[in-house]
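Student: Here is my input, please return the structure:
(one chain, ligands or ions: 1)
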Amino acid sequence: MLYPLAKSLLFQMDAEQAHILTLKALTRAARCGLVQPGKARIVQPRTVMGLSFPNPLGIAAGMDKNAEYLDGLGALGVGFVEVGTVTPRPQPGNPKPRVFRLPEVEGVINRLGFNNNGVEHLLQQVARTRYQGILGINIGKNFDTPMENAVDDYVAALRRVYPHAHYVTVNISSPNTRNLRELQGSDELTRLLTAIKATQRTLADQTGRYVPIALKIAPDLSPDQIDAIAKLLIAHGIDAVIATNTTISRDAIAGHPLAQETGGLSGAPLHEMSLAVVQRLAHALDGALPIIGVGGINSGARARAMLDAGASLIQLYTGLIYKGPGLIDDILQTLA
Ligand SMILES: Cc1cc2nc3c(=O)[nH]c(=O)nc-3n(C[C@H](O)[C@H](O)[C@H](O)COP(=O)(O)O)c2cc1C
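Tutor: Next up is the predicted model:
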C-alpha cells in the first residue's frame, strides 16, 4: 500500500544506502511494536531438513549479512530467514558503488564481495534478537584467505555458528570473491564436503544437536556439472542444496546500459536460469535431499513455478526491492 511511495523515494538514493535505511526502519518498527516481531504465517507448513517450517517462503542470504535486522525481517511473515554470508574475520568488501538497480528488467547487479563484520559480531546480534523463527546462517571464506586454505575458513565459521543456527549454508557460489566458485569442481568439492561433514559429526556429538547443512550453488553450471554436484551431495550426506546464487551471465539483459557492470545479476532476469537448475537438480537427486529454490521470484506464480520444479522451500531477495513486503503476502496467498 505505502510501498510505491517509499519506493519512489528509495530509488532516488544509492541502492546500498536505501537498503540499510529500509531495514533499519523496519527493525525499529518491529522493536517498538508497530509491527509484530516473529509472526510467521502458517501456510503449507512442512518439515524439511528435519525442521518444521510454518510456510515455505524465506528471506535469502545477503539481505541481512550481519544478522542486525532479524526482528524486522521476522515481522514480515516469512517462514525462515537466512543471514550472512558471514566470514570468520570482518572485511569491508569491494569499493563503492557496488550495487546497481536495473528497474527496466527488475534486476540487480551486485559486487559487494562479502562485506560483513565477521562471525563474532553476527553471533552477538543473534544473541540479542527477539526473532524466534527458523534461522539459517550462511558462511563463506575471507577474500584474503588463499584458496588452498579455503576449507579452513568454512570449518572455522561452521564451528562458531553451529550452536546458534537451525541450519548452516555453505556458500561456494558468490561471483564476487575471486576463484570461490572453483570450489564447485569435483575434487575441490569432495575435499570441502568431507571436512564439513566431519566437523558436523563432531559438533553433533559435542552438542547433542544435529544441525543440517545446505550447499548453495551457482546458476552458471552445465547440466553435467549439476549432475556431478548432485552425486557428491548424496555421497556425502549433505542435508539440502540451495539453487541458485546470482549469475555472471548477461544473456537475459543484453544491451542494457548496466549490463557490463561486474558482479552477480539477480531478480527477474535470473528466474529462468534458476528454475532450470532446480529442475535438473530435482531429476538428479530424485528426492535424496531437498532443494531450496531461489532466483527471480517476484510473484505468486513464480513462487509456485519454483515449488513445482522440485523445490521444497523458496527464498527471495531482489523481488522485495521492486515489490516491497506486499510480495510476501501475495505469494503466501497464492500458496494458501
Ligand atoms: C545485494 C545482494 C547481496 C547478496 N549477498 C549474498 C550473500 O552474501 N550470500 C549469498 O549466499 N547470496 C547473496 N545474494 C544472493 C541471494 O541470496 C539470491 O541467491 C539471489 O539474489 C537470487 O535471488 P533473487 O533473484 O530473489 O534476489 C545476494 C543478492 C543480492 C541482490
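Student: my read: residue 141 touches residue 155, true?
Tutor: No - Residue 141 is beyond contact range of residue 155, at 10.4 Å (criterion: CB atoms under 8 Å). C-beta: built from backbone N, CA, C; applies to glycine.
Student: out of these two, which sits in the more crowded spot?
Tutor: In this comparison of residue 141 against residue 155, neighbours counted by other CB atoms under 10 Å, the higher total goes to residue 141 at 27 against 17.
Student: residues touching that one, list them.
Tutor: With contact taken as CB atoms under 8 Å, 6 or more residues apart in numbering, residue 141 is in contact with 87-88, 150, 153-154, 177, 180.
Student: List, out of these, those positioned next to the ligand.
Tutor: If you filter the contacts of residue 141 for contact with the ligand, counting by CB under 6 Å from any ligand atom, you are left with nothing.
Student: So which residues on the stretch 1-150 of the chain come close to the ligand?
Tutor: Proximity of the stretch 1-150 of the chain to the ligand is confined to 60-62, 65, 84-85, 99, 108, 110, 112, 138 under the rule CB under 6 Å from any ligand atom.
Student: Format the CA atom coordinates belonging to the strand or helix carrying residue 28 as PDB.
Tutor: Secondary structure assignment for residue 28, by DSSP states H and E: helix 15-31. In PDB, the C-alpha atoms belonging to helix 15-31 read as follows (Å, rounded to 0.1, in the frame of the first residue of the first chain):
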ATOM      1  CA  ALA A  15      21.000   1.300  -3.700                       C
ATOM      2  CA  GLU A  16      23.100   0.200  -0.800                       C
ATOM      3  CA  GLN A  17      22.100   3.200   1.400                       C
ATOM      4  CA  ALA A  18      18.400   2.600   0.500                       C
ATOM      5  CA  HIS A  19      18.800  -1.000   1.600                       C
ATOM      6  CA  ILE A  20      20.200  -0.100   5.000                       C
ATOM      7  CA  LEU A  21      17.600   2.700   5.600                       C
ATOM      8  CA  THR A  22      14.700   0.300   4.800                       C
ATOM      9  CA  LEU A  23      15.900  -2.500   7.100                       C
ATOM     10  CA  LYS A  24      16.700  -0.100   9.900                       C
ATOM     11  CA  ALA A  25      13.200   1.400   9.700                       C
ATOM     12  CA  LEU A  26      11.600  -2.000   9.600                       C
ATOM     13  CA  THR A  27      13.600  -3.200  12.600                       C
ATOM     14  CA  ARG A  28      12.800  -0.100  14.600                       C
ATOM     15  CA  ALA A  29       9.100  -0.500  13.800                       C
ATOM     16  CA  ALA A  30       9.300  -4.100  15.000                       C
ATOM     17  CA  ARG A  31      11.200  -3.200  18.200                       C
END
